[in-house]
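A.B. asks: this one's structure only:
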DNA sequence: TGGGCTGGTTGAAATGTTTCAGTTCCGGTG
DNA sequence: CACCGGAACTGAAACATTTCAACCAGCCCA
């Protein structure tokens, strides 16, 4: 544990063990080529000195880092955390570190993070972008860094993406409500600038029309964001509708909205699902944990992450990689908030 | 955008701009010392070539990285995400990157993360450890890397820590319940190996005794973990108690437990707070967002993070830094789950 | 005229690691 | 005995950047 101000380097280890630099490096990277006795001597010296490999130097020389990065959209939404876990397991298998960054939905933060990650020369970048068409995203791709969009479809197809069929998700949700006998349904979600919100609404509309239901009975309740408090305020607007127009069910563009709506309904004395049925989207753990367990459209969160990591690793290592748009199929998880009584 | 396989270096920029390496570096690091005309020429060349500084090389030469790291205990608990946000704002102010890692409560993962972070030579490490006494934590400190424990008190005092007075938190919670007239209260939490659980219980017991209430009416309902599902199962055990022993209120060691308990109560047909009042701990956003908004003991989550970051930065830059144990005072946030009807 | 100063620029050294072409040593083979 | 081949190890180059002493050209002042 010699400590003279500066961290011990391979050179120090070499001196202590009475071997050359190269041998120390071999012990580190190709232990097979060095004889058992010297290897042990070197390892001993490392332990004595408390040697820790300097990753920057390694990376500089090797030209390649041992890390992936995920820039998530909203750390406050457990959905993204679960995606990150999926990525992490894949990264762990490949023996890579994962840096998790959080843009909090702000494009400027996102750009800053990307900038730093490029400077770090990470092996690949996974991102759920605030705006899939932002110019700073394209720049990263042009730089030749493997790049995958997570939970967003890449329209241009100039990189990989992993997403869920949101139109289908919207269809599943609303079909379930129609099945349960609802004839007037609210769609709660926004802003429309988010592609997924538009697609979930589109799916809802499609299936609504296919059942021959009048378009004006699928009521659009736009929100400013996909948050619990926006869900609450949507609840207020919903309660304010004239009773003949008031829907008997709501399909929310994500679970946070649904939880907010549920809270408002309960405090307003509405019974869920009898007075108001609710369907969410994402199936985060808190959806199942709500006082009235939420029916939700499940996205395979971890799998999304794992697949994204797989794609980025392929792009990084496979010379004839071809960009791929992986799409997953969402599934309805029926619970009490639409009248399904089942232990969740 | 010349692209010949290898990313452009300062050397390429220097050649393109017709200046020396040193000048390019000056443009990057001390723009003031270089004349306007050459600076512009160099910047132009950088833009043309798409130059991005190689951070590993910078770091190798400078000997110092531009990053902090936070190893969080449980990414699935929004509490830790909020702490991370606090850290991130402080890091941003200091113009540092923040790497967020997640140990998921597993000591081996934690050790692996620490190992990598030391290899990266990060400027400082913040951590909410699985086990505050684990040997791999001490190692980091001995290596001279600034190190702060977050939401855990450092007993030994050989590094900084930021925590909340958990005994006081327990007192506040139970005093509130006593105030509301409860004479039989359950403490839901575990495992006892977690120091905070012990301290919150201790606070509860202290105040219980001070009010002269019989010890056997403060009922201990131990759990295996601090999760929603454990909260649910505690609810089942609670419902199974003989009615004369059944508590009228529960104090949960964190909000996840409280949410689980709330869910069980609602599905079991209990009215909250009339049949069962509930107090949580942490005051995560989902506590306020629950169907019956949860009364909770608030920890200043973001502030915890900001302070921790401040301490680690001080240790990193201030030669006569002295280790500090920052302790925050928790506060009760009363909501509907204990009968306080207030817009939350 | 010459010395000193100043703003701008240069060139080389240094950072810690990996890689690779050599070198040494030895046992075995013809 | 000369030669070969392989195992083990060495030494130097290379990676991209920063830093710093040195240098240079003007310019001012004596």
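C.D. replies: Looks like it arrived, so ask away. Everything numeric here is computed off the predicted structure, so don't read it as measured data.
A.B. asks: wait, residue A:309 touches residue A:91, no?
C.D. replies: Yes. Using Cβ atoms under 8 Å, residue A:309 is in contact with residue A:91, at 5.9 Å. In this view, the C-beta of every residue, glycine as well, is placed from N, C-alpha and C.
A.B. asks: mutual contacts of the two, please.
C.D. replies: Common contacts of residue A:309 and residue A:91 (Cβ atoms under 8 Å, 6 or more residues apart in numbering or on different chains): residue A:68.
A.B. asks: can you give me the strands in chain A?
C.D. replies: According to DSSP state E, chain A carries its strands in the segments A:67-72, A:97-102, A:124-127, A:147-150, A:160-164, A:185-189, A:218-222, A:249-252, A:277-282, A:295-298, A:325-328, A:331-333.
A.B. asks: kindly reformat the ones you listed as TSV containing mean pLDDT and mean neighbour count.
C.D. replies: Formatted as TSV, the strands of chain A follow (pLDDT from 0 to 100; neighbours: other Cβ atoms under 10 Å in any protein chain shown):
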stretch	mean pLDDT	mean neighbour count
strand A:67-72	97	26
strand A:97-102	94	24
strand A:124-127	97	27
strand A:147-150	96	26
strand A:160-164	96	25
strand A:185-189	98	27
strand A:218-222	97	18
strand A:249-252	98	30
strand A:277-282	98	30
strand A:295-298	98	27
strand A:325-328	96	16
strand A:331-333	98	18
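A.B. asks: can you redo those strands as CSV with distance to residue A:42?
C.D. replies: Output for the strands of chain A, formatted as CSV (distance: least, Cβ to Cβ, whole Å):
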stretch, distance to residue A:42
strand A:67-72, 27
strand A:97-102, 25
strand A:124-127, 33
strand A:147-150, 40
strand A:160-164, 42
strand A:185-189, 61
strand A:218-222, 66
strand A:249-252, 61
strand A:277-282, 51
strand A:295-298, 52
strand A:325-328, 45
strand A:331-333, 54
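A.B. asks: which one, of those, ends up nearest to chain B?
C.D. replies: strand A:97-102 (4.6 Å; Cβ to the nearest Cβ).
A.B. asks: please parse chain A into its domains.
C.D. replies: As given by automatic domain parsing, the domain ranges for chain A are A:10-53, A:65-163+A:301-328, A:166-299+A:332-338.
A.B. asks: relative to DNA strand D, which of the ones you listed is closest?
C.D. replies: domain A:10-53 (2.5 Å; Cβ to the nearest atom of the strand).
A.B. asks: in the stretch 151-300 of chain A, which residue sits closest to chain B?
C.D. replies: residue A:291 (3.5 Å).
A.B. asks: tell me the helices in the stretch 151-300 of chain A, going along the chain?
C.D. replies: For the stretch 151-300 of chain A, helices defined by DSSP state H, counting those that start in this stretch occupy the ranges A:166-179, A:195-210, A:228-239, A:255-267, A:285-288.
A.B. asks: residue contacts, the nearest residue to residue A:17 once chain neighbours are set aside?
C.D. replies: Residue nearest to residue A:17 in three dimensions, not counting chain neighbours: residue A:45, with 3.9 Å by Cβ to Cβ, 6 or more residues apart in numbering or on different chains. Residues near residue A:45 by Cβ under 8 Å, 6+ apart: A:13, A:16-17, A:51.
A.B. asks: can you check residue A:103 too?
C.D. replies: A:71-73, A:109-110, A:113, A:129-130.
A.B. asks: residue A:102 now?
C.D. replies: A:71-72, A:74-75, A:109, B:84-85, B:88, B:100.
A.B. asks: since we're on residue A:268, how many residues are nearby?
C.D. replies: 13 (other Cβ atoms under 10 Å in any protein chain shown).
A.B. asks: Provide the backbone phi and psi angles at the closest residue to DNA strand C within the stretch 101-250 of chain A.
C.D. replies: Of all residues in the stretch 101-250 of chain A, residue A:121 sits closest to DNA strand C, at 13.7 Å by Cβ to the nearest atom of the strand. When read as degrees, to the nearest 10, the backbone of residue A:121 gives phi 60, psi 40.
A.B. asks: mind pulling up the pLDDT for it?
C.D. replies: At residue A:121, the model reports a pLDDT of 95.
A.B. asks: residues in contact with it?
C.D. replies: A:59, A:64-65, B:7, B:54-56.
A.B. asks: neighbours around residue A:213, how many?
C.D. replies: 17.
A.B. asks: which non-adjacent residue is nearest residue A:20?
C.D. replies: residue A:14 (5.8 Å).
A.B. asks: what's the answer for residue A:41, then?
C.D. replies: Nearest one to residue A:41, counting by Cβ to Cβ, 6+ apart, is residue A:17 at 4.9 Å.
A.B. asks: ok, residue A:95 next?
C.D. replies: residue A:66 (7.3 Å).
A.B. asks: burial of that neighbour, as a residue count?
C.D. replies: Residue A:66, neighbours per other Cβ under 10 Å, totals 18.
A.B. asks: where does chain A dip in pLDDT?
C.D. replies: By pLDDT under 70, the low-scoring segments of chain A are A:1-5, A:341-344.
A.B. asks: swap in 50 and give it another go.
C.D. replies: Counting by pLDDT under 50, chain A contains low-confidence ranges at A:1-3, A:343-344.
A.B. asks: residues of it that sit close to DNA strand D?
C.D. replies: A:18-23, A:26, A:33-35, A:37-39, A:57, A:60-61, A:63 (Cβ under 7 Å from any atom of the strand).
A.B. asks: tell me which entries of the residues you listed lie within helices.
C.D. replies: Within the residues of chain A next to DNA strand D, residues falling in helices by DSSP state H are A:21-23, A:26, A:37-39, A:57, A:60-61.
A.B. asks: out of these, who has the most neighbours?
C.D. replies: The most crowded member of these is residue A:23, carrying 21 neighbours; neighbours defined as other Cβ under 10 Å.
A.B. asks: excluding sequence neighbours, find me the nearest residue to that one.
C.D. replies: residue A:34 (6.1 Å).
A.B. asks: sorry, back to before: just the contacts of residue A:45 now: which is nearest chain B?
C.D. replies: residue A:51 (10.6 Å).
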